[in-house]
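> here you go, sequence then predicted model.
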Amino acid sequence: MTPRPAAVTLWFWLNLAVGICPLPYWMVGRSDARVMGCPIAILYCVGLLISITACLFALYRADDRRGYFVDTDPPAPGTPPATF
C-alpha cells in the first residue's frame, strides 16, 4: 500500500498540536480582542474546527485513493450482494 501524502499527514499533526496545546488559545483569548465584533477566541475555535474537519475528510480521501477501504474478503455463502 502506498503511503499517505506528506502534506495531509503534516496537516493532521499540526491540527493535533494546535488543538491540544492551549497556548494559541490563551494568546487570542483576551476578551477585548475582536474582529468585526466577534471575539478572536471564537474565530480561533471555529477556524480550528473547520481545519480539523477538512483534514479528516482529506485523510479519508487519501486512504480511499490508496485502496485502504477495499474489501478483499469474499462474501459469506448465502449473503445478498451489498447495494449502496
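Structure received. Quick caveat: nothing in here was measured; it's all calculated off a predicted structure. Numbers count the residues shown, from 1 in each chain.
> ok, Cys55 - how many residues close by?
Using other C-beta atoms under 10 Å, the number of residues around Cys55 comes to 18. Where C-beta positions appear, they are placed from N, C-alpha and C, glycine not excepted.
> residues contacting it?
8, 11-12, 15 (C-beta atoms under 8 Å, 6 or more residues apart in numbering).
> closest one of the residues you listed to Met36?
Asn15 (24.6 Å; C-beta to C-beta).
> break down the chain into its helices, ranges please.
Applying DSSP state H to the chain gives helices spanning 6-20, 23-28, 40-65.
> just give me the lowest mean pLDDT stretch among those.
Ranked by mean pLDDT, the helices of the chain end with helix 23-28 in last place, scoring a mean of 69.
> ok so, going back, okay, the helices of the chain in TSV with distance to Thr79 next?
Below are the helices of the chain laid out as TSV (distance: least, C-beta to C-beta, whole Å):
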stretch	distance to Thr79
helix 6-20	35
helix 23-28	49
helix 40-65	24
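> in stretch 48-68, what's buried?
For stretch 48-68, the neighbour count (16 or more other C-beta atoms under 10 Å) marks 52, 55, 58-59, 62 as buried.
> as a markdown table, those residues with distance to Val35 would be great.
Converted to a markdown table, these look like this (distance: C-beta to C-beta, whole Å):
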| residue | distance to Val35 |
| --- | --- |
| Ile52 | 21 |
| Cys55 | 23 |
| Ala58 | 27 |
| Leu59 | 30 |
| Ala62 | 33 |
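> quick one: distance of stretch 52-72 to the chain centre.
Going by C-alpha atoms, centre = their mean, to the nearest Å, the spacing between the C-alpha centre of stretch 52-72 and its chain's C-alpha centre is 11 Å.
> apologies, that question was intended for stretch 20-39.
In terms of C-alpha atoms, centre = their mean, the centre of stretch 20-39 is set 22 Å apart from its chain centre.
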